[in-house]
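Colleague: generate coordinates for the sequence data below:
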Amino acid sequence: MATIQKINQPVEELRERICIGMEEWYCISKYESNTVIVDKEPTFGVGAIIEIAGGKQGELASVLRIVKDIEKKDNRTWIITLSAKGELSKKVSVITLRLNAEESQALNRLKKSIGKKTASETLKYLIREFPRWNQITKEIVESAKTKEAKYEHLKKLNREFMLAFQDIVQAVNEED
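Modeller: Sure, this is the predicted structure:
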């Protein structure tokens, strides 16, 4: 039977691991859904990314999987169904960013200005809000182009008026 263990230094959404024996760990197939029976109620939900670790303390080997289903078998055991590698689920992908110091500082400034706690939340917010921001930006640019075209038209009319006025002044001066 597997056990659920808290991760001391959680990475973003990964906060727990399921520790199983190595014999069972070797049976985990990456090409099909797998089930694991655990001895306590999981605190994670469907769609969570979970680490499946081999060994009593999970020290020997590990693999990440997405929780597909959680079913209560009885008062003391739960059956957790894990998705196969690449299988579609609520969480589509996990990305790793390698940022240099400048980019990291820029991301932290952006995180503070948006008011998010983590870089992951900041990036998710940007991805969700980009279409709206893009539309608003297009409208602002279009409005600015329209105003600039009106301004250029008025400038041209003003120039023509000034040239006509100069011609009139010159004609009046020639008559005198």
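
Colleague: rest of the way, CA atoms for contacts and neighbours
Modeller: OK.

Colleague: can you tell me the closest non-neighbouring residue to Ile114?
Modeller: Once flanking residues are discounted, Ile114 sits nearest to Thr122: 7.3 Å by C-alpha to C-alpha, 6 or more residues apart in numbering.

Colleague: go ahead and confirm that neighbour touches Lys116.
Modeller: Yes: under the criterion of C-alpha atoms under 8 Å, Thr122 makes contact with Lys116 at 5.8 Å.

Colleague: have a look at these two and say which one is more surrounded.
Modeller: More crowded of Thr122 and Lys116, by other C-alpha atoms under 10 Å: Thr122, with 20 against 15.

Colleague: who's in contact with the more buried one?
Modeller: Thr122 is in contact with 110-111, 114, 116, counting by C-alpha atoms under 8 Å, 6 or more residues apart in numbering.

Colleague: what average pLDDT does the host helix or strand of it get?
Modeller: If you go by DSSP states H and E, Thr122 is part of helix 119-175. Helix 119-175 shows an average pLDDT of 92 in the prediction.

Colleague: how distant is that helix from the center of its chain?
Modeller: 35 Å (C-alpha atoms, centre = their mean, to the nearest Å).

Colleague: and stretch 70-88, by the same measure?
Modeller: Put simply, stretch 70-88 sits 26 Å off its chain's centre (C-alpha atoms, centre = their mean).

Colleague: tell me the buried residues in it?
Modeller: If you call a residue buried by 16 or more other C-alpha atoms under 10 Å, then stretch 70-88 has these buried ones: 70, 77-84.
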